[in-house]
Every structure is written in C-alpha cells, then in structure tokens.
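Asks: With the input below, show me the fold.
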Amino acid sequence: MAEGLLRQKLADAGVDARVHSAGLYEDGRPASDDGIAVMADRGIDTSQHRSRRMTAEMLSGADLIIGMAREHVREAVLTAPDIWTRTYTLKELVRRGNDVGPRAAGQSLDEWLPKVHAGRTRNELLGSSEADDVADPIGQPRAVYERTADELDRLTTRLTTLIRGA
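Replies: Have a look, this model is predicted:
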C-alpha cells in the first residue's frame with residue numbers, strides 16, 4: 001500500500017523518483033485481496049504486486065530506504081550496514097523531517113538526509129514502537145486495511161511535501 005501511495009504522490013508532485021517495495025517475505029507473494037480492494041478504492045492498482053525479499057544489492061543502490069516498522073530497518077541495516085544514514089521507518093522519517101524542515105531549494109536528497117539523521121542512534125531501532133511502526137494489517141478485517149491506508153496516506157502526503165521541498 002505504501003509503495004503505491006508514495007509513487008502516486010511523488011508523481012503528482014512532479015518528483016522524479018523510482019519507488020520499489022521489498023521486505024522480509026519470500027519473493028512472489030501477491031497483495032492481499034483486502035489490500036488490493038482498499039487501494040483500488042483510492043485509484044491505485046496493486047493487483048500485480050508481488051513481494052520481494054530485500055537484498056544487499058537493492059538496498060545499497062537505493063537513495064532512501066523506508067521501512068514500515070523498526071524490524072524492517074534493523075534487517076535492512078544488518079543486511080547492508082552502509083545504508084544506516086538513509087534508512088528510516090516511514091513515521092520516523094516524517095517526524096525527523098518535520099523537525100528539520102523540508103528540503104531547501106536546490107538541496108539534494110543527499111544533502112537533506114544527513115540533517116534528518118543528525119543525533120540518531122542505533123539503539124532507537126530496538127524493540128517496536130507505535131511512534132515508529134505502522135501496524136501490518138495482514139490477516140485483519142478490511143476495516144483495519146482502511147485505517148492503515150488512511151495512516152499511510154497521511155504519512156506519504158507529508159513525506160512528499162518534505163522531499164519536494166521549496
């Protein structure tokens with residue numbers, strides 16, 4: 001859901017970005033029926049989505065890595081330690097981005113992210129946290145998917161504003 005929402009919002013804002021999804025599940029799992037339906041209601045087709053397990057190669061080649069939960073960030077950073085400064089949970093990235101403000105005119109993502117990362121410690125990745133984790137709706141009723149999609153919509157809208165900048 002987050003991949004589809006972020007891709008759409010960045011495109012609508014005129015931000016040239018490639019958005020890909022990968023996680024902890026094995027390759028090839030389709031999106032859930034409720035997830036597909038909830039996204040279709042928002043005009044986003046996720047029916048062709050298939051899970052991909054993150055790899056060191058895909059992580060190292062990414063400009064920004066966003067996890068839905070701390071466990072995703074921990075796994076990513078353990079897989080490719082050099083990505084630490086550009087790997088966040090979505091909630092963490094939005095919170096820290098709000099603290100430092102949107103990218104300035106002419107400022108690259110590579111210049112903005114160190115400001116977002118400043119003062120961050122790896123201990124912040126321990127455990128789980130409602131402040132950092134988006135709850136996974138897998139196996140829950142459709143209403144939970146709707147709430148998750150609403151939360152992701154708000155977060156990706158704000159992230160798009162921060163990334164687009166001035």
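Asks: neighbours around residue 161, how many?
Replies: Counted with other C-beta atoms under 10 Å, the neighbours of residue 161 add up to 16. For glycine as for every other residue, the C-beta is placed from the backbone atoms N, C-alpha and C.
Asks: Now do the contacts for it.
Replies: 13, 102 (C-beta atoms under 8 Å, 6 or more residues apart in numbering).
Asks: which helix of the chain spans the most residues?
Replies: If you go by DSSP state H, the chain has its longest helix at helix 142-164.
Asks: mind listing what's buried in that one?
Replies: Neighbour-count burial for helix 142-164, counted by 16 or more other C-beta atoms under 10 Å, picks out 144-145, 148-149, 151-153, 155-163.
Asks: from those, which is closest to residue 63?
Replies: Here the nearest of those to residue 63, counting by C-beta to C-beta, is residue 163; it sits at 10.4 Å.
Asks: I figured the closest one hits residue 14, correct?
Replies: No - counting by C-beta atoms under 8 Å, residue 163 does not reach residue 14; the two are 11.2 Å apart.
Asks: can you list contacts of stretch 70-84?
Replies: 23-24, 54-56, 59-60, 62, 65, 67, 87-89, 92, 122, 125-129, 132-133.
Asks: Select only the buried ones of those in PyMOL?
Replies: Selection of the buried residues among these in PyMOL, burial being defined by 16+ other C-beta under 10 Å:
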select buried, resi 23+54+59+62+65+67+87+88+89+92+125+132+133
